[in-house]
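**Q** Sequence unavailable; structure follows:
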């Protein structure tokens, strides 16, 4: 049945022409880990009793189930060409508690022309000034997405910066600014610092977001897979 579907959306699309942090517009860069991520999410879906479906182009999604699935995982990038009907369907599904939403890594760097998207997922992407190893702080060690982690999590990834962090975003993992070395680069530290993962309630539904997952090593890591699976389980439990 459609209500058992998990849609894994990995569409690569052009960036918005109004993006303030890109000087050359065009097709966004596809992440090489997308096939790995899809395989991992298929396995997670199977464990959770969901039927996984890959969506590489939202314009080809049929009407049944559309995007009104039990769970939607977004590993997109660029200006995903959701129709107005699809946008409304996804928003309504999450807000009614019918659809669990999970946003992975570059899914945060998407849909600048969709005003409700940033508040829905909890923040707007504002750049990635550092790529490398850092020691993250696990803020909430009771959440299903982080309960398996120690207080400090040594990790290698792209570090994203954000703007407009939603006031009710519950941060699960962050990097304290004093733990980062940007060298000669001038990086503005937001008041809320450098969150890496958070969750929030949207109406009757739940949204889980992780900015991590750029490298193949993430999708080969039991700690990271448990992080994603725990976040999805939490979102499903709305």
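**A** That came in fine, so what should we check first? Remember, predicted model here, so these are calculated numbers, not experimental data.

**Q** tell me the SS of the residue in the chain sticking out farthest from the centre?
**A** Residue farthest from the centre of the chain, counting by CA atoms, centre = their mean, is residue 184 at 29.2 Å. With DSSP: H, G, I helix; E, B strand; the rest coil as the basis, the three-state label of residue 184 is coil.

**Q** From residue 177, how far off is residue 93?
**A** Distance, residue 93 to residue 177, by CB to CB, to the nearest Å: 36 Å. Quick note: C-beta positions are derived from backbone N, CA and C, even for glycine.

**Q** Please identify which of these two sits among more neighbours.
**A** residue 93 (23 against 12; other CB atoms under 10 Å).

**Q** ok, the more buried one touching residue 203?
**A** No - using CB atoms under 8 Å, residue 93 is not in contact with residue 203, being 9.9 Å away.

**Q** Show me what the top strand by length along the chain is in contact with.
**A** Ranked by residue count and defined by DSSP state E, the top strand of the chain is strand 124-138. Applying CB atoms under 8 Å, 6 or more residues apart in numbering, the external contacts of strand 124-138 come out as 21, 108-110, 112, 118, 146, 149-164, 172-176, 179-180, 182, 185, 187, 190, 196, 214.

**Q** Strands - which of those residues land there?
**A** Using DSSP E, the contacts of strand 124-138 in strands are 152-163, 172-175, 196.

**Q** Now which of these would you call buried?
**A** 153, 155, 157-162, 172-175, 196 (16 or more other CB atoms under 10 Å).

**Q** Make JSON lines out of those residues and add distance to residue 73.
**A** Formatted as JSON lines, those follow (distance: CB to CB, whole Å):
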{"residue": "153", "distance to residue 73": "21"}
{"residue": "155", "distance to residue 73": "20"}
{"residue": "157", "distance to residue 73": "18"}
{"residue": "158", "distance to residue 73": "19"}
{"residue": "159", "distance to residue 73": "22"}
{"residue": "160", "distance to residue 73": "18"}
{"residue": "161", "distance to residue 73": "23"}
{"residue": "162", "distance to residue 73": "20"}
{"residue": "172", "distance to residue 73": "17"}
{"residue": "173", "distance to residue 73": "18"}
{"residue": "174", "distance to residue 73": "22"}
{"residue": "175", "distance to residue 73": "24"}
{"residue": "196", "distance to residue 73": "17"}
